[in-house]
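S.K.: Got a sequence here, can you model it:
(one chain, ligands or ions: 2)
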Amino acid sequence: MGSVQIVTTILAAGITAVAVWLAVRAVMKMTAVIRLGQPAPERFADKGARTRKMLVETAGHTRMLKWGVVGAAHWFVMVGFIVLSLLVLEAYFEVVTPTGGLPIIGHWTIFGLVTEVITVLGLVGILVLMAIRLRNRPNRPGGRSRFTGSTMWQGYFVEWIVLLVLIFGLVIRGFKVATDHFEYPFWATPVSHAVGAVLPDWQDGASVAAVIKIIISMTWLIVISLNVTMGVAWHRFLAFPNIFFKREPTKPAGSGLGALRPMTSQGKPLDFEEADPEKDQFGVAQVEQFTWKGLLDFSTCTECGRCQSQCPAWNTGKPLSPKLLVLSLRDHAYAKAPYLLAGGGKDLTGEEKATAAQLAHLDVLALAEGDKPLIGDAESGGVIDPDVLWSCTTCGACVEQCPVDIEHVDHIVDMRRYQVLIESSFPSEAGVMLRNLENKGNPWGAPQNTREDWTKGLDFEVPRVGEVDDFEYLFWVGCAGAFEDRAKKTTRAVATLLNEAGVSFAILGEGETCSGDPARRIGNEFVFQMLAQQNVETLNEAFEGREKAKRKIVATCPHCFNTLGNEYGQLGGEFEVVHHTQLLAHLVSTGKLTPVQPVDGGVTYHDPCYLGRHNRVFAAPREVLGDAIEGEITEMPRNSERSFCCGAGGARMWMEEKIGKRINVDRVEEAMATGAKTVAVGCPFCSTMLNDGVNGKGAGEQVEVIDVASVLLRSVKPEQPRGDKESTPVAG
Ligand code: SF4
Ligand code: SF4
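M.R.: Ligands and ions are numbered 1, 2, ... in the order given. As a prediction, the model looks like this:
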């Protein structure tokens, strides 16, 4: 060993020892913070499915590749990181001797070839990612950036480290070529040979380049170990467990879509008949009341801002960004951790758990963090502003986009649950809706005995459950479908089409109450449970004696469709629920309904969030429209899984939109820009919001917002009177 190698070896050993020590300390710290969360025993079920999902999502980059170029570039960088870690290991042999290399595999030409290819592709990948980050930097002239609010130096730092490590890998090889100590042939390692051709014949070059590579790599490890909230770096390790422990590993899309999680306390679902707010946790009031998976979610965020770029609240100037929400919770959790780990924290009655002696050694910052309210405005020093919490439409665009499977909607609703159930703190205008749900069983407060008024004037009898011996489908009308004037037209259109197609169906009539969706999404789990239990009982009675496959329900409202199909199972109600567009598509494809006159004037389609993103029903409404209209659907730029919310979900329908641009106006502008005269929808709330948007723009005469069923009805029965027009302003 020469003198140069003595120095390089000491340097490599020294910095590695420091880095490894700091890394172990950081991992222990992160583990301790994540373990502060509540139990989530269900996350350990289905280990086989979880493993498969994790491998598919990471190796196949299935979620990253939704954004093609970024996804492909990131894949090469990820593979480069894993495979080229071997070359970092090899550098430890090269600091000892410039001709050193990995034992056994280091002598294989195939190893030289694979690492060469991955180095080059990794270089291309990282340069692409760097260019994308620069092009989207928050301070660039004009426009909002998905990186607004991200810690930019961390992103640049990680990217430069990757770039330098890759470059120094080639430099090491180049020195070996230049000194004639390189054992791979030119055909397998042409880039290394090209680098070697321009480097001097310096015998110690490989050792010096190797120690620089190790110093760069260990600097990265030291920096990220000193910054445990540096998700842009830590996600390389945390993404694997975060995806493994996702909520529903068998789901094709984001696991946090569709059903909401039941309320839990100590990992067990809460039974409202016995629950006691002084003993049981009602939602989340403190960051440590999230489950450990929630804390793992916050730690894993890469700050990529994909969620932010798709969020309707953020895109219309509201203070909510799903990314910033996650980052606030993460920073708060880590800042509060010393206080919690010292035994601090508030019990469910709000009393401090720790003794003064336990907290005596803590610094004031940790103590102050422990005192911060989780929800509160700037004046009260809250972590999450109420305007942030209540801006969410639960559209799921964030969950859909997140490459590491963070479950934003669950976290937002958990915080809402505490605010509503314990603090009674929510936008006051929503109080009317909640009172109506409790007293009248529908958000409008309409008399229950008017639930069947929509059937008046139809030229056929609408059968009620109990009045007919048998029926194939139970037609779940929904509150909007029964009480809201525009939605009633959709209900009538669907009933007419089912009757025309000879489908045997029946309604519950006055036996139906609200599915509970608005109560659940605003956070009032108590009212949801009350309504849902009543409905489950009614439905179980209606389907008594039938197996699940024959307990068929058709719903026109995607919120009911989602709640009945995905959430009633939590309460013992197992049904086969279809959306009316699915049933209509089936009836058209099987020849039971025949469109005869194509609807003209151009049609665009707005995907309702709870039909599309939450339940993956993208094709059926398009198939119905494809059969009923002239020409093709003119798609809006934001469609299907990237569709833009109408602004009504998450009980936002019942709250005033006081901040920023109205979401429905944003969406209507996009729809009108297609030039289509008809905006087809598949949801009564979307219909209301988009109609309001069109009317607000004074375009009610030029553009019509109408349900897919009504479009089909016009095509199947063109002689039908046009009383199904939905754009006429209607009193709520
Ligand atoms: S669910 Fe929709 S509105 Fe809520 S944070 Fe996510 S993207 Fe934004
Ligand atoms: S998409 Fe996921 S990882 Fe990216 S910023 Fe949003 S929450 Fe974080």
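S.K.: now residue 403: how far from residue 212?
M.R.: 32 Å (CB to CB, to the nearest Å). Placement of C-beta: from N, CA and C, glycine included.
S.K.: Mind checking which of these two has more residues around it?
M.R.: Taking neighbours as other CB atoms under 10 Å, residue 403 and residue 212 compare with residue 403 leading, 25 against 21.
S.K.: Hmm, that one is touching residue 305, no?
M.R.: No. Residue 403 is not in contact with residue 305 according to CB atoms under 8 Å; the separation is 11.0 Å.
S.K.: contacting residues around the residue in the stretch 51-200 of the chain that ligand 1 sits nearest to?
M.R.: The nearest approach of the stretch 51-200 of the chain to ligand 1 comes at residue 146, 12.3 Å away (CB to the nearest ligand atom). For residue 146, the contacting residues are 136, 304, 305, 306, 308, 309, 323, by CB atoms under 8 Å, 6 or more residues apart in numbering.
S.K.: In JSON lines, list the residues you listed along with distance to residue 439.
M.R.: Formatted as JSON lines, the contacts of residue 146 follow (distance: CB to CB, whole Å):
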{"residue": "136", "distance to residue 439": "50"}
{"residue": "304", "distance to residue 439": "45"}
{"residue": "305", "distance to residue 439": "43"}
{"residue": "306", "distance to residue 439": "42"}
{"residue": "308", "distance to residue 439": "39"}
{"residue": "309", "distance to residue 439": "41"}
{"residue": "323", "distance to residue 439": "39"}
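S.K.: Spatially nearest residue to the residue of the stretch 51-200 of the chain closest to ligand 1 (excluding sequence neighbours)?
M.R.: In space, residue 146 comes closest to residue 305 once its chain neighbours are excluded; the distance is 3.2 Å by CB to CB, 6 or more residues apart in numbering.
S.K.: Check the offset of the host helix or strand of residue 131 from the chain's centre.
M.R.: Taking DSSP states H and E as the definition, residue 131 sits inside helix 109-135. With CA atoms, centre = their mean, to the nearest Å as the basis, helix 109-135 stands 29 Å off its chain's centre.
S.K.: what packs against the helix or strand of the chain with the lowest mean pLDDT?
M.R.: Here the helix or strand of the chain ranked lowest by mean pLDDT, DSSP states H and E is helix 68-96, holding a mean of 86. Applying 3 or more CB pairs under 8 Å, 6 or more residues apart in numbering; DSSP states H and E, one finds that helix 68-96 contacts helix 3-34, helix 109-135, helix 152-178, helix 205-226.
S.K.: Can you add mean pLDDT and give those back as CSV?
M.R.: As requested, these are exported to CSV (pLDDT from 0 to 100):
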stretch, mean pLDDT
helix 3-34, 96
helix 109-135, 93
helix 152-178, 94
helix 205-226, 96
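S.K.: Now tabulate these in a markdown table and tack on distance to residue 65.
M.R.: Shown next, in a markdown table, are the helices and strands packed on helix 68-96 (distance: least, CB to CB, whole Å):
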| stretch | distance to residue 65 |
| --- | --- |
| helix 3-34 | 28 |
| helix 109-135 | 13 |
| helix 152-178 | 20 |
| helix 205-226 | 26 |
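S.K.: show me where pLDDT drops low in the protein?
M.R.: 142-143, 253-254, 721-732 (pLDDT under 70).
S.K.: the strands in it, which residues?
M.R.: 264-265, 268-269, 473-476, 505-507, 552-555, 576-579, 603-605, 678-681, 704-707 (DSSP state E).
S.K.: residue contacts, residue 571?
M.R.: Residue 571 makes contact with 529, 532, 533, 536, according to CB under 8 Å, 6+ apart.
S.K.: how about the residues of the protein that lie near ligand 2?
M.R.: 301-307, 322-323, 326, 401-404, 406 (CB under 6 Å from any ligand atom).
S.K.: near ligand 1, from these?
M.R.: Counting by CB under 6 Å from any ligand atom, the members of the residues of the chain next to ligand 2 near ligand 1 are residue 322.
S.K.: In helices, which of the residues of the chain next to ligand 2 fall?
M.R.: 306, 307, 322, 323, 326, 401 (DSSP state H).
S.K.: Sort out which of those residues are buried, if you could.
M.R.: Among these, those classed as buried by 16 or more other CB atoms under 10 Å are 306, 307, 322, 323, 326, 401.
S.K.: Please report the distance of the second one from residue 643.
M.R.: Relative to residue 643, residue 307 is positioned 15 Å away (criterion: CB to CB).
S.K.: quick revisit: can you redo the contacts of residue 571 as a markdown table, where the extra columns are distance to residue 255?
M.R.: Shown next, in a markdown table, are these (distance: CB to CB, whole Å):
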| residue | distance to residue 255 |
| --- | --- |
| 529 | 23 |
| 532 | 22 |
| 533 | 26 |
| 536 | 24 |
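S.K.: Which of these ranks first by neighbour count?
M.R.: residue 532 (26 neighbours).
S.K.: Show me what from the stretch 351-500 of the chain comes close to ligand 1.
M.R.: 392, 393, 394, 395, 396, 397, 398, 408, 409.
S.K.: The residue nearest to residue 567 when sequence neighbours are not counted: how many residues sit nearby?
M.R.: Sequence neighbours aside, residue 259 is the residue nearest to residue 567 in space, at 4.8 Å (criterion: CB to CB, 6+ apart). Around residue 259 there are 20 other residues, counting by other CB under 10 Å.
S.K.: Hmm, residue 259 is touching residue 561, no?
M.R.: No. Using CB under 8 Å, residue 259 is not in contact with residue 561, being 12.0 Å away.
S.K.: sorry, back to before: the inter-axis angle of the helix holding residue 131 versus helix 152-178?
M.R.: 150 degrees (axes from the mean of the first three to the mean of the last three CA atoms, to 10 degrees).
S.K.: Report all helices and strands that helix 109-135 contacts.
M.R.: helix 68-96, helix 152-178, helix 190-198.
S.K.: Pull out the buried positions in that helix.
M.R.: 111-112, 114-116, 118-123, 125-126, 128-130, 132-133.
S.K.: Then stretch 432-451?
M.R.: 433, 434, 436, 437, 440, 441, 442, 443, 444, 446, 451.
S.K.: Would you mind stating the distance between the residue in the stretch 451-600 of the chain that ligand 2 sits nearest to and ligand 1?
M.R.: Per CB to the nearest ligand atom, the residue of the stretch 451-600 of the chain with the smallest distance to ligand 2 is residue 521, at 19.9 Å. Per CB to the nearest ligand atom, to the nearest Å, residue 521 is found 10 Å from ligand 1.
S.K.: my guess is that residue meets residue 654, correct?
M.R.: No. With contact defined as CB under 8 Å, residue 521 does not reach residue 654; the gap is 10.0 Å.
S.K.: Now residue 572: closest residue in space, sequence neighbours ignored.
M.R.: Using CB to CB, 6+ apart, the closest residue to residue 572 is residue 536 (6.0 Å).
S.K.: Kindly report the same for residue 506.
M.R.: Per CB to CB, 6+ apart, closest to residue 506 is residue 471, 4.0 Å.
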